[in-house]
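Q: make a model of this:
(chains A, B and C)
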Amino acid sequence: MKRPGVLRTLAVLVATALTATACGGGDGEGGGQSGGSSAPGVTATTVTIGSHQPLTGPAAPGYSANSAASKAYFDYINESGGINGRKIVYKVVDDVYNPTQTVDVVHRLVLQDKVFAIFNGLGTPTHTKVLDYLNAQRVPDLFVASGCGCWDQPKKNPYTFGWQPDYIREGKILGQFIKEKYADKKVAYFYQNDDFGQDGLKGLDKYVPASQVAARQSYQPGGTDVGAQAQAIAQSKADVVVLFTIPTYTALFRLAALKLNYKPQIIVSNVGSDPITLTGLLESYAKKGGTELEGNPLIQGIITNSYLPAPGAKDNTWTELFRKIHAKYIPNLPFNGNIIYGMSAAYTFAQALKAAGQNPTRKGLVDALENSKFTGPGLVPFAYSKDSHSGYTGAQIGRIKGTSVVVEGQPLVTDAGDGPIQPSTVQQPQAPANGVPTG
Amino acid sequence: MVEFVNLTLSGITSGMVYAAVALALVLIWRATRIVNFAQGGMLMLTTFLAWSVIDRGGSYWVALAVALIAGLALGAIVERIVIRPVENKPPLNAVIVTLGLLVVLQAVAGMIWGGQPRSYPPAFTIQGFKLGETGLLLSPFDLFVIGAVAVVMVALILLFRRTDLGLKLRASAFAPEVARLLGVRVGRMLTLGWALAAVVGSLAGVLIAPSVFVGPNQFDAVLVFGFTAAVIGGLDSPVGAVVGGLVLGCALSYVTGYISSDIVTLGALAALITVLMVRPNGLFATSAGRRV
Amino acid sequence: MNLQTTNPQPKNARAHAPLDRGWAGVVLRMLRRHTLLRHTLLAVVAVVALAYLTGAVSPYRDLQIAHMAYIVCAAAGLTVLTGLGGQISLGHGAFMAIGAYTTALVLNHWAWPLAAVLLAAVTVTAVAGFIVGVAAARLHGPYLAGATLALAVGLPGLVSYEPVTGLLGGQNGLSVSPSPPPLALGETFPLERWQAWISCLCAVIVMWLLANLTHSRLGRSLPATRDDEIAAALSGIRVARVRIITSVVAAACAGLGGGLLAVVTTLAAPGAFPLTLSLQLVAAVVLGGLGSLAGAVWGSVVLVLVPNWASDPDASAHLPHNVASNLPALIFGTVLIVVTLLFPRGMQGGFRWVGRQVKRRLTERTG
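A: Here you go, the predicted structure:
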């Protein structure tokens, strides 16, 4: 390097400094509160909340619709007057499912945008890296979009709440079903090798005897095809295959099984079983059949577990409500399980905000949740209390029929430990007529 | 035994897919000495166009034709507009431009079609052949893929070795000044090289789509493994691209089947390093000595 | 025939204007002659400026400065490797991963003082750089690019491999407790500013070391090995040795960058080191100006600020969901293309050009 380069090298550091100052100029304390607000992010007319989501990149498929659905629901509420007279402003920033960016995005939302709460931040590897920060800053961290059991640590993380049932609970319920219905059959597992699949297997293993499990195969998302794993499972001659997979890999496994002419009973945990998404992914293979069946023949009869109404459910007031909102605000996105998920989570947030009262504070929001008895779109109750920050406590077994999931038996609830599985005693209520939580 | 056969078959099929991408990369390398990282984005876009045709009720073959024609046009446009200015600049500039293009293409596709992957039909059934009771990981559609890639490889070899056009293409890439003096319209040859490569890429996209779905990021892994395959084979050689693809495909399949699916990408690294340790310019390096 | 980087630097044709005489002139001349002194002085100036800056901005901007600073470390190392040495690495993110994981493990298991932890990260990564350097010593151009790319893609997969998942935390990776600012700074001293201090101090040290290195005998032999290996060998340069040393230096810088990443973002996880990171580092080096250390700074600033600026949720609130989601990527990709096309020698090259134009105008007017 020549001299002028070096001379400038460090001069540039100074210039950088100036650039950053220029950028950082107005925004330092700019987002501060105007008088009379009860908490950061709350004004007389608005409540601002934020989220980190994978909107682009390899992890985006499917998930990118969640936040759009939540936003649509908030827009709907805002149009009917908001919650306690305040409109909900929902800021979603892309973190590409990269934990480094999650940290950056969450700091930005908290420090720069001064959000009242973080809502529905997605992913275990991502969100675990901001847990400490959010709790140290006492920012409510509601309804993390992941089924990791780690959100439920009210002592250590008093401001963090889970929402969807954790994967261990899901695994337990599916495991018990297998134990009862397929007691003498060989079982194989195909799972995503991260906390999602591993926790799911933990739950399964609590009920399915190890001797019954003929094969355990895993995959890494974004990798190569799953032919090798599918053939190992086919060779094990398992009669039942349990999938803890995301929808793309459910579809890939289904195709590999088709290729191998292997026809086991397939059981898929909730995450990977949305019939609308699967129908879309496998669409081209269904048309070959010639006859126009309702739904995709390749996924008919797949067993799964549900904790929310199915997008294809008929005569369900919640599905009707969400379908109406979807048609009005986000008609271009497919109406699938992700839409139901995003809107249901937003509904729960609206409930919590309403319960936090006329002048919500961060602590007040957390207290309201701990003392809540919310019922909503879910088929099972929440666990929220002083001692538990778990969300939905169970699920109901269902079967894919057409483009919907038809639930059977009773909704089941359990814990993430060795507790028993019991029928739920709480009924799913009807959706409120105007779609806004009453309290 | 069944396991070995199936892993090998699976490796060959996915290897041929990597080979298809590798062929496109080799073509562009031969034409302009540029590694085209936008290849994954370009073939994604043309496959999306083909998907749109099928979605509107068009036939498989019409959609394929649309993809190939779109590829031809896209390749030429890209070369003319963004590649031409960096052709005589430091090679890394071209790398960054193609990377930028990849990001742009993925963003545009995401804007138009959204992030949700779409289903793409195979040309023939994917139901595998059977050996007695056991299903094989080989279907009529796989045979079609293998055949199509083999045909493209042979066609490229013939193009470069036996035709006047191929000679001009090579001359424009290796010695543009001399070629220009001899009356070859170098600029046109470079454009043609990119256009041809993009056509091969588009074909690869349509062949891969049924097994990875169509989405903005669905071809990322294929591009990485395609590049790896091209490097294993030696970037100058179409035969190398195919052999590289097969080596890589089988290596990945065996690693998944016999060791663990978790380290499948390390398998790719191991395969690549092993080959490059022995032959630093790939298996089918045309020249032993390095030209500086 | 290789994808070798050719020298983007123009010969220094700057004619020194007859500067002011007197003591100022003496100082300037002394600084010109004594590189070490000059670099040290500039480093001190940089430290003072950065200390002032980090105190003047909001905590979030401090965090961004910390991000930029650790990217500067990695990018500056890559500048020496690629820009001056001509070795293309598309896998520099892998070294950052090694540095980050080393930092996280040492901090979590032994709780060494921060400086020792970062030194450990540098050492471990340097060893990795040595191994890769030896393995890649015979590789050139796209083959080297391919091998390093495979490294960046392959290495993060290791965390899920059964025997080491317990240690490395699998796909979730490791969380690191933040290193709190010393109490001497006061109880309300923002953590983000402390992190920015650590990160910036390291970046300045790296720049100082690399600036001196590029002026050393080794540094001056680098462009020779890049431009013509055979001629360099004939003139007595031990090419393989130089290349391995460069590889070690670049890896060590990236390891420090990765270690700082772990300290600043309090994590080490496979998802933090995708192939995109490696490619962005190369982009930073090329955007800033290949072969120029100052360029590494510019490139890092662009890399952090542009996506951040582009992803303002307020600005895109009225757009359809799919368009709003992809807009930041579209902007970033366009910036990569446009800057590379407009400034083939990077931003630093662009500034020099502007500087020359201004100077010419001035001399024309006065002369």
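Q: can you check the pLDDT for C:Pro8?
A: C:Pro8 is assigned a pLDDT of 43 by the prediction.
Q: what's the helix of greatest length in chain C packed up against?
A: Criterion DSSP state H: the longest helix present in chain C is helix C:239-265. Contacts defined by 3 or more Cβ pairs under 8 Å, 6 or more residues apart in numbering or on different chains; DSSP states H and E place helix C:239-265 against helix A:99-107, helix C:59-78, helix C:92-109, helix C:114-136, helix C:191-215, helix C:217-227, helix C:229-234, strand C:267-268. Bear in mind the C-beta positions are built from the backbone N, C-alpha and C, glycine included.
Q: lowest confidence element among the helices and strands of chain C?
A: None of the helices or strands of chain C scores lower by mean pLDDT, DSSP states H and E than helix C:23-33, at a mean of 77.
Q: so the helix or strand just after that one versus helix C:59-78, what angle?
A: Proceeding N to C from helix C:23-33, the next assigned helix or strand is helix C:35-56, under DSSP states H and E. If you take axes from the mean of the first three to the mean of the last three Cα atoms, to 10 degrees, helix C:35-56 sits at 160 degrees to helix C:59-78.
Q: please see if the least confident helix or strand of chain C touches chain A.
A: Yes: under the criterion of Cβ under 8 Å from any Cβ of the partner chain, chain A is reached by helix C:23-33 at C:Arg32.
Q: could you dump that helix to CSV, C-alpha only?
A: The C-alpha coordinates for helix C:23-33 follow below in CSV (Å, rounded to 0.1, in the frame of the first residue of the first chain):
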residue,chain,number,x,y,z
TRP,C,23,8.2,23.4,12.0
ALA,C,24,4.9,22.1,10.5
GLY,C,25,6.9,21.1,7.4
VAL,C,26,9.5,19.4,9.5
VAL,C,27,6.8,17.4,11.3
LEU,C,28,5.1,16.4,8.0
ARG,C,29,8.4,15.4,6.5
MET,C,30,9.3,13.3,9.5
LEU,C,31,5.9,11.6,9.4
ARG,C,32,6.3,10.8,5.7
ARG,C,33,9.7,9.3,6.3
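Q: pretty sure A:Asp152 is touching A:His389, no?
A: Yes: with contact defined as Cβ atoms under 8 Å, A:Asp152 reaches A:His389; the gap is 4.8 Å.
Q: which neighbours do the two have in common?
A: With contacts defined as Cβ atoms under 8 Å, 6 or more residues apart in numbering or on different chains, the residues shared by A:Asp152 and A:His389 are A:Gly162, A:Ala383.
Q: compare those two and say which is more crowded by neighbours.
A: A:His389 (27 against 20; other Cβ atoms under 10 Å in any protein chain shown).
Q: check contacts around the more buried one.
A: Counting by Cβ under 8 Å, 6+ apart, A:His389 has contacts A:Trp151, A:Asp152, A:Gln153, A:Pro154, A:Asn157, A:Thr160, A:Phe161, A:Gly162, A:Ala383.
Q: quick one: the closest residue to C:Ile71 other than its chain neighbours from A:Leu258, how far?
A: Closest residue to C:Ile71 apart from its sequence neighbours, by Cβ to Cβ, 6 or more residues apart in numbering or on different chains: C:Ser300 at 4.1 Å. For C:Ser300, the distance to A:Leu258 (Cβ to Cβ, to the nearest Å) stands at 49 Å.
Q: higher neighbour count, these two?
A: Remark: of C:Ser300 and A:Leu258, C:Ser300 carries more neighbours, 29 against 20, as counted by other Cβ under 10 Å.
Q: tell me the contacts of the more buried one?
A: Contacts for C:Ser300 (Cβ under 8 Å, 6+ apart) come out as C:Met68, C:Ala69, C:Ile71, C:Val72, C:Ala75, C:Ala284, C:Gly288.
Q: between the residues you listed, which is closest to B:Val212?
A: Distance to B:Val212, by Cβ to Cβ, is smallest for C:Ala284 among the contacts of C:Ser300, at 30.4 Å.
Q: please name the nearest non-neighbouring residue to the closest one.
A: Nearest non-adjacent residue to C:Ala284, counting by Cβ to Cβ, 6+ apart: C:Gly299, 3.1 Å away.
Q: try A:Gln198
A: Leaving aside its chain neighbours, A:Gln198 sits nearest to A:Tyr191 (7.3 Å; criterion: Cβ to Cβ, 6+ apart).
Q: where does that neighbour land on pLDDT?
A: pLDDT recorded at A:Tyr191 is 94.
Q: and for B:Glu177?
A: pLDDT recorded at B:Glu177 is 85.
Q: tell me which residues of the longest helix of chain C are tucked away?
A: C:242-265 (16 or more other Cβ atoms under 10 Å in any protein chain shown).
Q: and stretch A:204-224, by the same measure?
A: The neighbour-count check on stretch A:204-224 (16+ other Cβ under 10 Å) flags A:204-208, A:212-224 as buried.
Q: distance from that stretch to the middle of the chain?
A: From the chain centre to the centre of stretch A:204-224 is a distance of 22 Å (Cα atoms, centre = their mean, to the nearest Å).
Q: got the CA positions of it in PDB?
A: What follows is stretch A:204-224, C-alpha atoms only, in PDB (Å, rounded to 0.1, in the frame of the first residue of the first chain):
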ATOM      1  CA  LEU A 204     -42.200 -39.400  21.600                       C
ATOM      2  CA  ASP A 205     -39.700 -41.500  23.500                       C
ATOM      3  CA  LYS A 206     -41.600 -41.000  26.700                       C
ATOM      4  CA  TYR A 207     -44.400 -43.200  25.300                       C
ATOM      5  CA  VAL A 208     -43.100 -45.200  22.400                       C
ATOM      6  CA  PRO A 209     -40.900 -48.100  23.600                       C
ATOM      7  CA  ALA A 210     -37.300 -48.000  22.200                       C
ATOM      8  CA  SER A 211     -37.700 -51.500  21.000                       C
ATOM      9  CA  GLN A 212     -40.500 -50.500  18.700                       C
ATOM     10  CA  VAL A 213     -38.400 -47.800  17.000                       C
ATOM     11  CA  ALA A 214     -36.800 -49.300  13.900                       C
ATOM     12  CA  ALA A 215     -35.100 -46.200  12.500                       C
ATOM     13  CA  ARG A 216     -34.100 -42.700  13.400                       C
ATOM     14  CA  GLN A 217     -33.100 -40.500  10.500                       C
ATOM     15  CA  SER A 218     -32.600 -36.700  10.500                       C
ATOM     16  CA  TYR A 219     -31.900 -33.900   8.000                       C
ATOM     17  CA  GLN A 220     -30.500 -30.400   8.000                       C
ATOM     18  CA  PRO A 221     -32.800 -27.900   6.300                       C
ATOM     19  CA  GLY A 222     -31.400 -26.400   3.200                       C
ATOM     20  CA  GLY A 223     -29.200 -29.400   2.500                       C
ATOM     21  CA  THR A 224     -29.400 -32.000  -0.200                       C
END
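Q: nothing else from me, thank you.
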